[in-house]
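Engineer: task: produce atomic coordinates for the following.
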Amino acid sequence: MDAQHEHCYTIKQIGGPEKSDDIWKQVEMLDAFKQPWKDGALQKTHFRAFHDNKWLYIRYDVEDTTAWIFERDNNKMEVALSNRVEIFFKTDELLEKYYCLEIDSRGRVLDYSASFYRNFDYTWLWPKGQLSVQTELTDKGYKVDLR
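Structural biologist: Numbering: from 1, shown residues only. I've put the predicted structure just below:
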C-alpha cells in the first residue's frame, strides 16, 4: 500500500441472510490501533466489518478486563466517561460533517454529528430503526456488534 492508502480497509459484501460467529472468520481483521494523544499501552482491539444488501455489520473484540463503566443518570454523555469503542463516518475529506458512534460494554450509545475542529452536536441522533447494538462480556473483556 502507498502512504496515502495505508489506513484503508475494504468492507466486503458477504451475502446470505444467516449471520453467525463463523462468518467473522471470513472477514479481514484490523488490530493495529493507536492513540496518538495518549502514551502507554493500549488495550488490544480487533475490528472487522462486512455488509450485505441491506446492512453494514461491525464487530469489535476488546481485551480489557478492567473496563470502566460510568453510570449516574444513564444519559448518553456518560458513555464518553466509560471505556468504549468508537467509529466515525465522514462525508468529505475536510470533515465539514461527520457522524460518530461511541459504544460502551453495556451497549449504551453516544451518537452525535460533528465538524472540524471539535464542533460537536450532541443533540443529533442516529436515525431511529437504523442501528442495532449487541454487547457481550468475555473472559478477556467485551465484544460489541453493530448493525
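Engineer: low-confidence stretches in this protein?
Structural biologist: Scanning the chain with the threshold set as pLDDT under 70 gives 1-7, 16-20, 36, 40-41.
Engineer: quick one: the strands in it?
Structural biologist: Counting by DSSP state E, the segments of the chain that form strands are 12-13, 45-51, 56-63, 84-90, 98-104, 109-115, 119-121, 133-137, 141-146.
Engineer: nearest to Leu30, out of those?
Structural biologist: Nearest of the strands of the chain to Leu30, taken as Cβ to Cβ: strand 45-51 at 4.4 Å. Quick note: C-beta positions are derived from backbone N, CA and C, even for glycine.
Engineer: other residues contacting that closest one?
Structural biologist: 9, 11-14, 23-24, 26-31, 33, 56-63, 85 (Cβ atoms under 8 Å, 6 or more residues apart in numbering).
Engineer: ok, now stretch 60-70?
Structural biologist: 43-47, 78, 81-83, 85, 104-106, 138, 140-144.
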